[in-house]
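> Got a sequence here, can you build the structure:
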Amino acid sequence: MSRRCRRGVRRGDKGLVAFGVLAVAALSVVKAVQWLAAHEWVLVVLGLSALVATAGRCYGRARAVRLRTQGLTYSIEQIDAMHHSAFETAIRDLLARDGSRDALRCGGRGDLGADVKGHDPLGRLWVIQCKHRRAGLDGSAVGTPDLQTLNGTGRPVHRGDVVVMVTNGRVTRPARTFARQQRLHLVDRRVLQQWARGVRPLWEILPALPPPRPPARLRRRPRWRLS
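Sure, this is the predicted structure:
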């Protein structure tokens, strides 16, 4: 037999083998579907198992957050020793401790000036930027440029009702003036120490907060009609 004929036979054998494998796989799928159709309880059991597993994971995460935030307090020395990312997490947890059910740490690249966000029990959205100083009061002060960045995104981008700068350090006098002018709220080292002790929630410590948000149905814009 010539080489060309032998190659043709080999290619044909390979094609038959591939066809056989596909046929067996297709038959197996059909049999499996038929078996599941005849035993619907298996699908029910699998679905219930998936639901129970998902519910367990959600409950575990919620329980972990609750245990972490119940009675949570920090000393200012503990805060000074934190990494900046741990500081953001601590601010999120303090917000959750005070009653924010959706407190979220969102700091990082592309955060647009918001490290932590969350609604308070009165429906107001808090947008918080964190400035951690390992040296505390001896570290660099939060200045007007930092607040200008926060002011440029806190309400226009994040739609915050309460826009806050939190630091374990100090804030310059021009920055305080700018904050008053732009209705920004400052949590400096003194206020942070008071808040972290857990005596009162932050929304009872800071003055001149905006009024509570009305219910969603009252916030809907009216539909104007042309007469």
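> which sections of this structure are below the confidence cut-off?
By pLDDT under 70, the low-scoring segments of the chain are 1-15, 17-19, 21, 36, 41-47, 49-50, 52-70, 109-110, 215-227.
> Chain neighbours aside, what residue packs nearest to the most centrally placed residue in the chain?
Here the mean C-alpha position of the chain is nearest to the C-alpha of L104 (C-alpha atoms, centre = their mean), at a distance of 4.0 Å. Counting by C-beta to C-beta, 6 or more residues apart in numbering, L104 lies nearest to K117, which is 5.3 Å off, once chain neighbours are set aside. Bear in mind the C-beta positions are built from the backbone N, C-alpha and C, glycine included.
> quick one: secondary structure of the one you found?
Using DSSP: H, G, I helix; E, B strand; the rest coil, the three-state assignment for K117 comes out as strand.
> picking that back up, tell me the contacts of the residue nearest to the centre of the chain?
If a contact means C-beta atoms under 8 Å, 6 or more residues apart in numbering, then L104 has 92, 116-118 as its contacts.
> With distance to P156 and neighbour count added, can I get those in CSV?
Putting the contacts of L104 into CSV (distance: C-beta to C-beta, whole Å; neighbours: other C-beta atoms under 10 Å) gives the following:
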residue, distance to P156, neighbour count
R92, 23, 24
V116, 18, 28
K117, 15, 23
G118, 19, 22
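> Farthest-apart pair in the residues you listed, please.
Of all pairs drawn from these, the one with the largest separation by C-beta to C-beta is R92 and K117; the distance is 8.8 Å.
> Now do the shared contacts for those two.
With contacts taken as C-beta under 8 Å, 6+ apart, R92 and K117 have 103-104 as neighbours in common.
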